[in-house]
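A.B. asks: I would like the atomic coordinates for the input below:
(one chain, ligands or ions: 2)
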Amino acid sequence: MRDLNALLIDELTAHGAALVAFGDLTELPPEVRGGLPVGVCVAVKYPKEVIRGIADLPTSEYFDAYNRLNERLDALVLRGAEILLAEGYAASAQTRERVGAGEDSNSTTLPHKTVATRAGVGWIGKSALLVTERFGSMIRLSSILTDAPLECAAPINESKCGACTVCTNACPAGAISGKLWRVGMEREEFFNAVACRKAAHERAVLGFGGGATICGKCIEVCPYTRRYSEN
Ligand code: SF4
Ligand code: SF4
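C.D. replies: Ligands and ions are numbered 1, 2, ... in the order given. Got it, this is the predicted structure:
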């Protein structure tokens, strides 16, 4: 049998994934991972010019890209699950239809960001976004849960934000406390999601007339994002 890790990476990358990685989820409660031991993290990235374009306010191009990337992610995780099922394993694609945006912690769903940290893709920044060494935060995430015997990466359990205060200072909502994430920490301990949503709603109105709750300032300013977006 062809190496299953490589098969998934090749197939999903060919269809637009920027990152595909594998995480051991067995330290998490079985009920949040559907009793399945492995998470496949799938990420797609925003075009550089779209991220450079939101330095002042969110744009309609950014909102369009956000929607396009979400659609692509759903298609990618469905394709990945199809491959795993065809190989005889259980697989559950964590599409928006199944888990919503997958960005919030609650007792019944497993955030894609958690799968991403278990798969060694990045850490949770002070902004509550997943931050990667390669693309910063200019990505969107989804995931697949499976019992396939995939080789898993070493997880990331600590922040690499260090003393950086760029997103804390830039956030128009004051939603980012500046506290460093470490594994097991609840988002509410360092991030005010209510304040973020309120500001994002207002900034979408200012940026492109509204109809969305989207801001992205903390994505654009992050030095890890800029290292990629400006080159
Ligand atoms: S999306 Fe905007 S309002 Fe929300 S945390 Fe980031 S910078 Fe602040
Ligand atoms: S801007 Fe700095 S503190 Fe905020 S997520 Fe990026 S590296 Fe971390």
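A.B. asks: residue nearest the centroid of this structure?
C.D. replies: Leu141 (3.5 Å; C-alpha atoms, centre = their mean).
A.B. asks: which non-adjacent residue is nearest that one?
C.D. replies: His112 (3.9 Å; C-beta to C-beta, 6 or more residues apart in numbering). Just so you know, the C-beta spots here come from the backbone N, C-alpha and C atoms, and that holds for glycine as well.
A.B. asks: Model confidence for that neighbour, exactly?
C.D. replies: You'll see His112 listed with a pLDDT of 96.
A.B. asks: Surely it is in contact with Gln94?
C.D. replies: Yes. Counting by C-beta atoms under 8 Å, Gln94 is a contact partner of His112 at 6.7 Å.
A.B. asks: who in this structure is up against ligand 2?
C.D. replies: By the rule C-beta under 6 Å from any ligand atom, the part of the chain lying against ligand 2 is Gly125, Lys126, Ser127, Val131, Cys161, Cys164, Val166, Cys167, Val221, Cys222, Pro223, Tyr224.
A.B. asks: Distance check, the closest residue to the first one other than its chain neighbours against Val50.
C.D. replies: Leaving aside its chain neighbours, Gly125 sits nearest to Val131 (4.0 Å; criterion: C-beta to C-beta, 6+ apart). Taking C-beta to C-beta, to the nearest Å as the criterion, Val131 is separated from Val50 by 18 Å.
A.B. asks: got it, and Glu97?
C.D. replies: Taken as C-beta to C-beta, the span from Glu97 to Val50 is 25 Å.
A.B. asks: Please say which of these two ends up with more neighbours.
C.D. replies: Under the neighbour definition other C-beta atoms under 10 Å, Glu97 and Val50 were set side by side, and Val50 has more, 21 against 9.
A.B. asks: residue boundaries of the strands in this structure?
C.D. replies: Ranges of strands in the chain, per DSSP state E, are 19-24, 38-45, 91-93, 123-124, 130-131, 139-146.
A.B. asks: Low-confidence regions, the protein specifically.
C.D. replies: 1-2, 101-108 (pLDDT under 70).
A.B. asks: Quick one: name the residues of it near ligand 1.
C.D. replies: 127, 171-173, 175-176, 196, 199-200, 215-218.
A.B. asks: hang on, isn't Ala90 packed against Ala81?
C.D. replies: No. In this structure, Ala90 is not within contact of Ala81 by C-beta under 8 Å, at 9.3 Å.
A.B. asks: re the thing from before, who has more neighbours out of His112 and Gln94?
C.D. replies: Between His112 and Gln94, Gln94 has the larger neighbour count (other C-beta under 10 Å), namely 27 against 24.
A.B. asks: now the closest residue to the more buried one other than its chain neighbours: how far from Arg203?
C.D. replies: Distances taken as C-beta to C-beta, 6+ apart put Ser143 closest to Gln94, at 4.6 Å, once the chain neighbours are dropped. In this view, Ser143 and Arg203 are 28 Å apart by C-beta to C-beta.
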